[in-house]
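*Asks:* Let's see this in three dimensions:
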Amino acid sequence: MEKLIRIYTKKRHVVKINKYLNSKGIQHEILTEEDNPGDKEFDLGVSYCYPKKITKPLLSMPKKGFVNYHPGPLPKYKGPNEYEDAIKNRETKWGVSVHFMNEEFDSGEIIQTKNFDLHEAPNSIEELGAISHYYLFNLFKETIQKIYAD
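*Replies:* Numbers count the residues shown, from 1 in each chain. Below is the predicted model:
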């Protein structure tokens, strides 16, 4: 049986993730919060900005575990309010992260963080979100094959 990545994400990310993984010949399926995952076996689970918390037993289903692509620098900016906190803190240095998931929110072993400078402190969630998602997809492209192969 061919290895399979199952990705949980928001609808707006489906096309770019699908296009990239198809270009690399990686067997995958992509689910959004509206989909029923069923109990089909898969090797690696990926949460890519998925709006729901992934909990047991789903978290323990894949042989290689689950990873999360988080649009903020871990461990400093955990949770769903990373943009609001960064704006409040007037951050001019930012980053995005990928980490192994466990039962606690954004607390598993960090695989890689991609740090970058902001030209000025962000003024809106939309502004910081757009910048973060650009870098997050680049981090996804840089790391998913290695994570999948290990």
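*Asks:* so how many other residues sit close to S124?
*Replies:* For S124, the number of neighbouring residues by other C-beta atoms under 10 Å comes to 10. Backbone N, C-alpha and C define where each C-beta goes, glycine included.
*Asks:* Oh, that last question was meant for Q112, not what I typed.
*Replies:* Quick note: Q112 (other C-beta under 10 Å) scores 14 neighbours.
*Asks:* Same question for K24.
*Replies:* 11.
*Asks:* swap in S107?
*Replies:* For S107, using other C-beta under 10 Å, the count is 14.
*Asks:* for the most centrally placed residue in the chain, phi and psi?
*Replies:* For the chain, the residue nearest the mean C-alpha position is Y69 (1.8 Å; C-alpha atoms, centre = their mean). When read as degrees, to the nearest 10, the backbone of Y69 gives phi -90, psi 110.
*Asks:* ok, it touching Y50?
*Replies:* No - using C-beta atoms under 8 Å, Y69 is not in contact with Y50; the gap is 9.1 Å.
*Asks:* how close does the residue nearest to the centre of the chain get to G38?
*Replies:* Distance from Y69 to G38, counting by C-beta to C-beta, to the nearest Å: 23 Å.
*Asks:* ditto for M101
*Replies:* Between M101 and G38 the computed distance is 20 Å (C-beta to C-beta).
*Asks:* Of these two, which one has the most company?
*Replies:* The residue with more neighbours, out of M101 and G38, is M101; 22 against 7, by other C-beta under 10 Å.
*Asks:* Quick check: the gap between that one and S60.
*Replies:* Distance from M101 to S60, by C-beta to C-beta: 10 Å.
*Asks:* same thing with S124?
*Replies:* From S124 across to S60, the span is 38 Å (C-beta to C-beta).
*Asks:* N36 now?
*Replies:* Computed as C-beta to C-beta, the N36 to S60 distance reads 19 Å.
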